[in-house]
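Undergrad: take this sequence and fold it.
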Amino acid sequence: MTKLDSIETAVARRTFLKESAMGLGSIALQSLMGSEANGDDAKVAHHGINQGILGKTHHPQRANRVIFLFMAGGPSHVDLFDPKPLLNKLEGQKIPAELLKDHQAFALIRGTPELKGSPYQFKSHGESGTIISELMPYLATVADELTVIRSMKTTTNVHDPGVNMMNCGSTLFGRPTLGAWLSYGLGSENQNLPAYVVLTSGADDGQPLLQSFWGNGFLDSRHQGVPFLNGPDPVLHLKNPNGVSRSERRKQLDLMAWMNRQQHQQLGDPEILARIASYEMAYRMQTSVPELKSLNEETRQTLESYGAEPGKASFANNCLLARRLVERGVRFVQLYDRGWDSHTDIQREHKRQCTAADQPIAALLKDLKQRDLLKDTLVIWGGEFGRTPVAQVSGKTYGRDHHPHGFTMWLAGGGVKSGLTVGKTDDFGYHVAEDPVHVRDLHATILHLLGIDHHRFKYKFKGLDLGLTGVDPARVVTDIIG
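TA: Below you'll find the predicted structure:
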């Protein structure tokens, strides 16, 4: 046998083993998903089209798309949505020992801290009587659109695992995010834009935004979130090099696609198809993204309602851009707003964050409703956890530590009941007292609203059937579904 024959035999053996493993995995996956196919490979390879594995949802959808307003760092529920008169009355006293019985160690507080009430006034708003702090007066004008969950719980009080938990259903790194799962299952409604887009804003408080927060995990890379950058070039390397025309670029991509398809036929690696799809998406985005990012097309009245300024990086601009994205069929848009991790001087920092976020969030909800988009667009607001009802440091520049045991999130549109408040924390805002909703329950409910049964939405990986809601029990919170 010649050296060349030996190499070809080795390649053939590896190809057989690789394709056999993937072939069995694909058969098992398709059977598990109840779908005839996970997309026509040739079609995906040539056009980069993301049609989604499900083909048909498990039950009728109430929501078609999601906007997740992620307040990175953790907003304070006792200062925004969950007033506690007893907490205010007993301010300055040591926290009662019974509250610490089923308590994770504080993230940064050491010793026994003092109770700290909220300095803000709370009022009931709208016909629903939804209670909102004076820090968010604009949101108060759309109180009847909200479903407020005061009884959220999560698994950890550490930032990065906490963000992973809220996004991936697991504190572990390397799992697909909610947006990646929806891209995988439902695909995209606009083949000229990614199914999953990430926008960032806010103050640099030292807490990083990791690539894993919008990662695809073990799903193929077509399903990862695409971050749009602040500035004149929202996506890097989107423009052709100098001297390369669009027609020449098209010929280059066709040649690369042909070579990649040949390689895929030999190796059977699905990431090769994902690579072709990413090239094709980038080619189409050369025309779709500049038009999308041009806020100058919006009326002056719309810009003023959001507080948006074209060309200026801000949470307001991102809220308006989120509306433009879902209007064009993007499945999942996540806005990360940094600066909510208020360990010191929370009164100054939360006022800053609310001033920047309150008006555009209210404008987004009104704008979506006026355009008849809110009914099938699910808007989610919250962070990775809440903040403690005890002071981290004393004095005027006090802060609050991370708090996973009971906190608040809200939803709007997308098939949830409006003007509803569910769940309850204890008199100190410390532990959930009624109707607990774990992050896994929230994920099961989101999937349900999008027509997906979380029990059946799995992916076989390393011999395990893995899904967003994990292996622990998770329930759909039916009380909030309209």
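Undergrad: any low-confidence regions in the stretch 1-150 of the chain?
TA: Of all residues in the stretch 1-150 of the chain, those with pLDDT under 70 make up the ranges 1-49.
Undergrad: where exactly do the strands run in the stretch 351-482 of the chain?
TA: Per DSSP state E, counting those that start in this stretch, the stretch 351-482 of the chain carries strands over the ranges 377-382, 386-387, 402-403, 407-412, 420-422, 424-425, 432-434, 437-438, 459-461, 464-466.
Undergrad: summarise which helices and strands the first one is packed against.
TA: Under the contact definition 3 or more Cβ pairs under 8 Å, 6 or more residues apart in numbering; DSSP states H and E, strand 377-382 sits against strand 65-72, helix 346-370, strand 407-412, helix 439-449. Every C-beta, even on glycine, is put in place using the N, C-alpha and C of the backbone.
Undergrad: hang on, the earlier thing: tell me which of the strands of the stretch 351-482 of the chain sits most buried.
TA: Compared across the strands of the stretch 351-482 of the chain, strand 386-387 shows the largest average neighbour count, a mean of 30 (mean count of other Cβ atoms under 10 Å).
Undergrad: note down every partner strand of that strand and its orientation.
TA: According to DSSP bridges, the neighbouring strands of strand 386-387, each with its direction, are strand 402-403 (antiparallel).
Undergrad: for the nearest residue to Gln224 once chain neighbours are set aside, what are its contacts?
TA: Excluding its sequence neighbours, the residue lying closest to Gln224 (Cβ to Cβ, 6 or more residues apart in numbering) is Asn216, at 3.8 Å. Contacts for Asn216 were tallied using Cβ atoms under 8 Å, 6 or more residues apart in numbering; they are 176-177, 180, 222-224.
Undergrad: circling back to that earlier point, I'd like the strands of the stretch 351-482 of the chain as CSV, with mean pLDDT and distance to Leu238 appended.
TA: Putting these into CSV (pLDDT from 0 to 100; distance: least, Cβ to Cβ, whole Å) gives the following:
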stretch, mean pLDDT, distance to Leu238
strand 377-382, 98, 26
strand 386-387, 98, 38
strand 402-403, 98, 38
strand 407-412, 98, 33
strand 420-422, 98, 42
strand 424-425, 98, 46
strand 432-434, 98, 46
strand 437-438, 98, 40
strand 459-461, 93, 30
strand 464-466, 92, 33
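Undergrad: so which of these gets nearest Pro208?
TA: Minimum separation from Pro208 across those (Cβ to Cβ) falls at strand 402-403, 15.8 Å.
Undergrad: how many neighbouring residues does Glu297 have?
TA: Number of residues near Glu297 (other Cβ atoms under 10 Å) recorded here: 11.
Undergrad: okay, it and Leu321: tell me how far apart.
TA: The spacing between Glu297 and Leu321, counted by Cβ to Cβ, to the nearest Å, is 12 Å.
Undergrad: so what pLDDT did the nearest residue to Arg440 once chain neighbours are set aside get?
TA: Nearest residue to Arg440, sequence neighbours excluded (Cβ to Cβ, 6+ apart): Ala474, at 3.8 Å. At Ala474, the predicted lDDT confidence score is 96.
Undergrad: near Ala474, how many other residues are there?
TA: The burial metric for Ala474, expressed as a neighbour count using other Cβ under 10 Å, is 22.
Undergrad: how about the contacts made by it?
TA: 438, 440-441, 443-444, 454.
Undergrad: can you check Leu320 too?
TA: With contacts defined as Cβ under 8 Å, 6+ apart, Leu320 is in contact with 295, 298, 302-303, 306, 308, 360, 363-364, 367.
Undergrad: which one of those residues sits closest to Pro96?
TA: Pro360 (39.1 Å).
Undergrad: and the closest one, what is it in contact with?
TA: Contacts for Pro360 were tallied using Cβ under 8 Å, 6+ apart; they are 306-308, 315-316, 318-320.
Undergrad: redo the strands of the stretch 351-482 of the chain as TSV? Include distance to Lys89.
TA: Converted to TSV, the strands of the stretch 351-482 of the chain look like this (distance: least, Cβ to Cβ, whole Å):
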stretch	distance to Lys89
strand 377-382	28
strand 386-387	20
strand 402-403	20
strand 407-412	21
strand 420-422	23
strand 424-425	16
strand 432-434	18
strand 437-438	28
strand 459-461	51
strand 464-466	47
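Undergrad: Arg284: which of those strands is closest?
TA: Arg284 lies closest to strand 377-382 among the strands of the stretch 351-482 of the chain, at 23.2 Å (Cβ to Cβ).
Undergrad: got the angle between the closest one and strand 65-72?
TA: Orientation note: strand 377-382 sits at an angle of 10 degrees relative to strand 65-72 (axes from the mean of the first three to the mean of the last three Cα atoms, to 10 degrees).
Undergrad: give me the distance between strand 377-382 and the centre of its chain.
TA: Going by Cα atoms, centre = their mean, to the nearest Å, the spacing between the C-alpha centre of strand 377-382 and its chain's C-alpha centre is 9 Å.
Undergrad: what's the answer for stretch 202-211, then?
TA: Put simply, stretch 202-211 sits 15 Å off its chain's centre (Cα atoms, centre = their mean).
Undergrad: quick one: contacts of it?
TA: Stretch 202-211 is contacted by residues 72-73, 159-160, 163, 200, 315, 336-341, 349, 352-353, 356 when judged by Cβ under 8 Å, 6+ apart.
Undergrad: kindly report the same for stretch 436-443.
TA: Counting contacts by Cβ under 8 Å, 6+ apart, the residues outside stretch 436-443 that touch it are 149, 151-155, 165-166, 169, 178, 409, 422-423, 454, 468-470, 472-477.
Undergrad: tell me which stretches of the stretch 151-300 of the chain form helices.
TA: All helices of the stretch 151-300 of the chain, identified by DSSP state H, counting those that start in this stretch, fall at 159-168, 178-186, 246-267, 270-293, 300-306.
Undergrad: if you average pLDDT over each of those, which is lowest?
TA: Among the helices of the stretch 151-300 of the chain, helix 270-293 carries the lowest mean pLDDT, a mean of 72.
Undergrad: circling back to that earlier point, adding distance to Tyr430, write the helices of the stretch 151-300 of the chain out as a markdown table.
TA: Listed next are those as a markdown table, based on distance: least, Cβ to Cβ, whole Å:
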| stretch | distance to Tyr430 |
| --- | --- |
| helix 159-168 | 17 |
| helix 178-186 | 28 |
| helix 246-267 | 55 |
| helix 270-293 | 44 |
| helix 300-306 | 36 |
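Undergrad: packed most tightly, which of the ones you listed would that be?
TA: The highest average neighbour count among the helices of the stretch 151-300 of the chain, using mean count of other Cβ under 10 Å, belongs to helix 178-186 at a mean of 27.
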